[in-house]
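A.B. asks: I need the structure of the sequence given here:
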Amino acid sequence: MSTTADNESGKAHRHLVRVARPISNFLAETLRDVGPLILPDRTSNGLTYFLGRTVVGQGLSTHAARTIWSRILSASERPAAVADCFTEDSAPTLRGFGISKNKVRALLSLGRARREGRLRDGYLRNLSHEQRSQDLVALWGVGQWTCDMASMFYFGFPDVWPDNDVTVKKTFARMVDTTSPASTAQRFRHIAHTWR
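C.D. replies: Predicted structure coming up:
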């Protein structure tokens, strides 16, 4: 990661610790202790790979998702070519790997979008999170959660709050110790975004 990105992450971290304190000392201290978030580069195999892996892993344990994804990788010449497996001809093979019918349908939708040029990295990277989400949710099987994950972990957007992520909701509720974690999370999201 570049020095500029490191500095940006540090600034965002300091801001989050500061705005978390009025909401919850425990949250502020935890954020402080964790430190700035440094995300690994997940772009080397392309966007279709990232989205496919995200779709396959939804609702599964980490172990099950990795096992199924390793089966997909074994059917491909190399990781960057995984998207070439997302075709109608490959659907029975994908089902044989343990992928549900609906997830196979989503993978086929991703493959079709890639072949049609609708998953161009440069184009999507230059969109706002909201615009990118609008383009991606038009694909069958891609929802807002997948868009949030792509914006954060593929495109590296630091200003995304995954409102519908169950783990985020549960963790936040535990950390703020409030009777209304949803409204507190909304308030935190609003004030956290002011760091830019």
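A.B. asks: got the domain ranges for this structure?
C.D. replies: 3-39+160-195, 47-154 (automatic domain parsing).
A.B. asks: what about the last one, how long is it end to end?
C.D. replies: Distance across domain 47-154, first residue to last, is 7 Å (Cα to Cα, to the nearest Å).
A.B. asks: average pLDDT across that domain?
C.D. replies: Throughout domain 47-154, pLDDT has a mean value of 94.
A.B. asks: thinking again about what came up before, please identify the most buried of the domains of the chain.
C.D. replies: Comparing these on average neighbours per residue, with mean count of other Cβ atoms under 10 Å, the densest one is domain 47-154 at a mean of 17. Where you see a C-beta, it was placed from the backbone N, CA and C, and this is true even at glycine.
A.B. asks: who's in contact with Thr48?
C.D. replies: Contact analysis of Thr48 by Cβ atoms under 8 Å, 6 or more residues apart in numbering lists Val82, Ala83, Phe86, Leu110, Gly111, Ala113, Arg114, Leu119.
A.B. asks: other SSEs contacting the biggest helix by length in the chain?
C.D. replies: Looking across the chain with DSSP state H, the single longest helix is helix 3-20. Under the contact criterion of 3 or more Cβ pairs under 8 Å, 6 or more residues apart in numbering; DSSP states H and E, helix 3-20 touches helix 25-34, helix 181-192.
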